[in-house]
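>>> got a predicted structure here, sequence first:
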Amino acid sequence: MKIQTRTEGDCQIIAISGSADVNASAVLREALLGAIESGMTRLVCDLAETDFVGSDALGVLITAYLKANGRGGFVKLAGLQPHLTQVLETTRLNCLFDVYADVASAVASA
């Protein structure tokens with residue numbers, strides 16, 4: 001898994017490429033929670049290049065959502081591949097996260 005971050009407007013974009021499996025969860029946790037701890041509470045996770053999200057990574061996303069939300073921010077998901085959309089629907093996390101077709105749409109809705 002590879003993570004790249006950038007800022008668009010007042011949102012921190014976290015682009016995740018590859019597999020967010022159990023081995024990558026610590027890196028993902030550091031990126032998301034580190035951003036929140038540094039004051040960036042408006043996060044958009046760009047999952048367009050993500051081919052797998054394991055349960056540990058889903059847990060990290062939920063934790064980040066709760067922490068950002070508690071500080072008046074958000075975690076939005078963008079660019080999900082169909083199989084990731086299905087994972088969110090199966091786990092009912094699509095009711096928790098705002099999901100957008102792409103990063104531009106997510107940032108525009110902020």
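Structure received.
>>> phi, psi of residue 16?
Main-chain torsions, residue 16, degrees, to the nearest 10: phi -110, psi 120.
>>> whoops, residue 20 was the one
Dihedral angles for residue 20 - degrees, to the nearest 10 - are phi -90, psi 70.
>>> now do the contacts for it.
1, 28, 50, 52, 53, 54, 57 (CB atoms under 8 Å, 6 or more residues apart in numbering). C-betas here are computed from N, CA, C, even on glycine.
>>> possible to save the residues you listed as TSV with neighbour count, secondary structure and distance to residue 105?
As requested, these are arranged in TSV below (neighbours: other CB atoms under 10 Å; DSSP: H, G, I helix; E, B strand; the rest coil; distance: CB to CB, whole Å):
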residue	neighbour count	secondary structure	distance to residue 105
1	19	coil	24
28	23	helix	22
50	22	strand	17
52	15	strand	23
53	29	strand	20
54	16	coil	26
57	23	helix	22
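>>> pick out the most distant pair among the residues you listed.
Within those, 28 and 52 form the most distant pair, 12.2 Å apart (CB to CB).
>>> buried stuff in the strand or helix carrying residue 30?
Per DSSP states H and E: residue 30 is located in helix 25-37. For helix 25-37, the neighbour count (16 or more other CB atoms under 10 Å) marks 25, 27, 28, 29, 31, 32, 35, 36 as buried.
>>> what's opposite the residue most central in space within the chain in the beta bridge?
Nearest residue to the geometric centre of the chain (CA atoms, centre = their mean): residue 45, 3.2 Å. According to DSSP bridges, the residues that bridge with residue 45 are residue 14, residue 77.
>>> and it, what's its pLDDT?
Looking at residue 45, its pLDDT is 98.
>>> was I right about it contacting residue 58?
No - look at residue 45 against residue 58 with CB atoms under 8 Å: they stay out of range, at 11.4 Å.
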